[in-house]
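S.K.: build me a structure from this.
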Amino acid sequence: MQTKYPIILAHGIMIKDYRFFKAFGRIEKVLRNAGYSVYSSRTDGFGTVENNAEQLKAQIREILAKENVDKINVIAHSKGGLDSRYMIEKLDMASSVASLTTLCTPHKGSALAARIFSMPKWMAKMTAFWINFWYKIFGDKNPDALEVCRQLQSTEFDLFEINAPCDGVYSQSYSATLKRSRDDFVMGVPLQITKRCETSLSDGIVSVESAKYGEYKGDCLDESLSHSEIIDFMVKKKKREKIYAFYLGLCSDLAERGY
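M.R.: Numbering: from 1, shown residues only. Next up, the predicted model:
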C-alpha cells in the first residue's frame, strides 16, 4: 500500500547528498523499490535552521508541482526535524505537510552542542571557518557552522513560538539509544561526552528526552542504535536490514493513516 502523498527525507548536519554519497544510504532506494514516491532533501549540511527551512520549502514546492499533489510527508533526521518544524510553523507550510516524523531530533537542544559551543571563542571561530570552507566545496550555499552550533545547544529554542505540533499536521517522533561505545565506532566518543552532560539515555548525540515531540513512539529499534546508524551510515548487515524494516513499517503506517 503506497502513501497518499510523496515522502521527503530531510537530513541533519554534516551528512548530506554529495555526488555518489547519500545522506540516507540505501534507504531511499529501498523505499522506492517498495513502491513509495521518495525524495531526499537538498539542504545545506551546515546551514542554519532558517536557511535550510527556506531551501526545504522551495524543494517541496517543486515536488508538489511535479507530483500534482497538495501535501507531502516529511521524515526528518536530527537537525532536519528542526528545519522542517521551522518551515511548517514559520514559513506558512502547514497546509502543505500531511505528516512530520522526526528521528533523533534535538527538540530540546543538545548538551553535546552546548559543550562544543563552550570552547574558547578563537578555537570555535577557527573550527567554524574551516567547516564552512569545506562545505562550500561540498555544495553548501550558506554554511554557518558557528550559528548552527549555537542553535543546537539551546534548551529552549527561540526559533519556535510553541513546542507543540501545528494543527492539521500529524506529528510523531522516535529516539534511539546507543547502549555501549563499542556498539558504534563512529559515535562511541561522542557517547562518552554525552554521558557526562545528559541525564537521560542518548544515541551518542541526542538524548531520548530531547527527541520527544508530538506523538512519541519510542526508540526506532529495541536494540542498541546510534545517531548515524539510523540513516544507514556504517551499519552491520543484520542491523541494516532491521533499519530498512523500520522505515518500511513507518511508511506503511503513514499509508494506513491515509497520508
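
S.K.: check the secondary structure at Gly12 for me.
M.R.: Assigned by DSSP: H, G, I helix; E, B strand; the rest coil, the conformation of Gly12 is coil.

S.K.: distance of it from Ser95?
M.R.: Counting by Cβ to Cβ, to the nearest Å, the gap from Gly12 to Ser95 is 25 Å. Backbone N, C-alpha and C define where each C-beta goes, glycine included.

S.K.: looking at those two, which has the bigger crowd around it?
M.R.: Higher neighbour count among Gly12 and Ser95: Gly12, with 29 against 12, using other Cβ atoms under 10 Å.

S.K.: give me the nearest residue to that one, chain neighbours excluded.
M.R.: Sequence neighbours aside, Ser78 is the residue nearest to Gly12 in space, at 2.8 Å (criterion: Cβ to Cβ, 6 or more residues apart in numbering).

S.K.: burial of that neighbour, as a residue count?
M.R.: Neighbours of Ser78 under the rule other Cβ under 10 Å: 28.

S.K.: quick check: end-to-end length of stretch 88-101?
M.R.: Length of stretch 88-101, first residue to last, Cα to Cα, to the nearest Å: 13 Å.

S.K.: check stretch 90-101 too.
M.R.: For stretch 90-101, the first-to-last residue distance is 18 Å (Cα to Cα).

S.K.: again, but for stretch 106-121
M.R.: From the first residue to the last, stretch 106-121 extends over 24 Å; the measure is Cα to Cα.

S.K.: buried stuff in it?
M.R.: For stretch 106-121, a neighbour-count test (16 or more other Cβ atoms under 10 Å) marks 106-114, 116-117 as buried.
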